[in-house]
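1. show me the folded form of this:
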Amino acid sequence: MKSTVSHRDSCFLLGALAGLALACSSSSGPTTPSVPPDDVDTAQGGSSSGAESPTLPSGTGDFAMTGDDSAVCATATFCDGFEDAAVDLAPGGMWTPTQNNGTVRVDASRPFRGAHAVKATTVGGVAYKAALLGLSGAPVIPLTDNRVYGRMMFYLESVPTTSLHWTIIDGRGTVPGQDYSSTYRYGGQLPVQGGSQWMANYDTTDFYATPSRGPRTDCYRHAQGKVAPVGKWSCAEWYFDGQSNQMRFWLDGTELTDLEIDGTGDGCVAPPADQTWVAPTFSRLDIGWESYAIDDERSIWIDDVVISQTQVGCPARE
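-> Next up, the predicted model:
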């Protein structure tokens with residue numbers, strides 16, 4: 001049986017127990033918000049069918065660290081390997097960081113290839129944390145036909161070992177014809193044997209604004225035991241189709257079909273469980289780390305980011 005207790009419910013429960021008024025509202029803009037966004041953690045719960053014997057992701061971290069993306073970038077909308085960015089500062093140019101109990105910095109300690117990567121780090125011991133790097137201007141935004149493929153190399157130092165919702169990829173914007181926004185996300189939540197299970201998530205966070213706008217959703221689809229790799233460089237690819245309400249995700253060149261969304265997922269915090277994941281007109285794409293409950297410090301390194309109208313694939317293997 002699935003749990004129906006969301007992150008937001010937990011936030012208010014903790015506040016009631018402690019006699020405190022906890023901030024559970026939201027800001028989705030590029031500046032550092034003063035309070036946590038009105039993002040709710042997904043109602044998920046229960047073990048997946050793969051909890052006993054998870055399907056480990058393909059890939060062994062043996063991607064070639066030489067060469068470059070010249071051929072890919074010749075036809076892509078946007079590419080960045082952060083080689084021209086200043087170390088110890090947030091990347092500039094088209095990038096806009098969102099930093100709340102976290103930092104986004106160009107880093108020379110662990111590049112995938114070349115000399116630089118971006119390191120996103122969030123602090124431990126606080127409920128809401130964001131260290132995100134976003135694209136919101138031309139030539140990426142507006143998206144052609146409201147569709148986009150993305151690719152990045154990533155190195156997760158660690159992931160939560162408890163049922164804690166986390167995000168490394170998202171796309172957000174206003175729902176066409178409405179006054180509220182929606183967000184497509186890829187990340188994870190449920191711990192299974194071997195790690196933290198991947199998850200697709202859909203949310204309409206303006207429901208928690210004052211005044212409230214739009215429906216309550218916080219919907220999910222779990223990857224049935226497939227876990228996020230840690231301690232090695234891996235390749236993530238994703239596809240958001242705002243015309244057809246579709247999402248797809250690939251890990252190290254293999255599609256995780258459990259995470260494919262075609263209009264709806266496995267369930268939602270609020271009924272009906274099969275409500276449509278109505279896509280926004282995407283106005284911002286984010287990568288990095290975001291999580292919604294008290295957790296340890298987390299770090300992710302990101303390199304070789306590509307945004308394209310077609311799938312570009314992962315780097316060659318050694």
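2. the residue nearest to Lys129 when sequence neighbours are not counted - how many residues pack around it?
-> Taking Cβ to Cβ, 6 or more residues apart in numbering as the measure, Lys129 lies nearest to Thr122, with 3.6 Å between them; neighbours along the chain are not counted. For every residue, glycine as well, the C-beta is placed using N, CA and C. Burial of Thr122, expressed as a neighbour count using other Cβ atoms under 10 Å, amounts to 26.
3. identify the residues contacting Thr122.
-> By Cβ atoms under 8 Å, 6 or more residues apart in numbering, the residues touching Thr122 are Asn101, Gly102, Lys129, Ala130, Ala131, Trp289, Ser291, Asp295, Glu297, Arg298, Ser299.
4. hang on, isn't the last one packed against Ala120?
-> Yes - here Ser299 lies in contact with Ala120, judged by Cβ atoms under 8 Å, at a distance of 7.0 Å.
5. need the overlap of contacts for the two.
-> When contacts are counted by Cβ under 8 Å, 6+ apart, Ser299 and Ala120 are jointly contacted by Trp289.
6. so where's the chain uncertain?
-> The model of the chain has pLDDT under 70 over residues 1-61.
7. which parts of it are helices?
-> Secondary structure of the chain (DSSP state H): helices at 7-18, 70-75.
8. my guess is Gly67 contacts Arg113. True?
-> Yes - at 7.5 Å, Gly67 counts as touching Arg113 under the criterion of Cβ under 8 Å.
9. the more surrounded of the two?
-> The residue with more neighbours, out of Gly67 and Arg113, is Arg113; 20 against 10, by other Cβ under 10 Å.
10. ok, now how distant is that one from Arg216?
-> Applying Cβ to Cβ, to the nearest Å, the value for Arg113 to Arg216 is 43 Å.
11. swap in Ala85?
-> 39 Å.
12. quick check: of the contacts of Thr122, which lies closest to Gly93?
-> Distance to Gly93, by Cβ to Cβ, is smallest for Ala131 among those, at 18.1 Å.
13. the closest one pairs with what?
-> Using DSSP bridges, the bridge partners assigned to Ala131 are Gln99, Trp289.
14. Ser299 and Ala120 - which one has more neighbours?
-> Ala120 (28 against 18).
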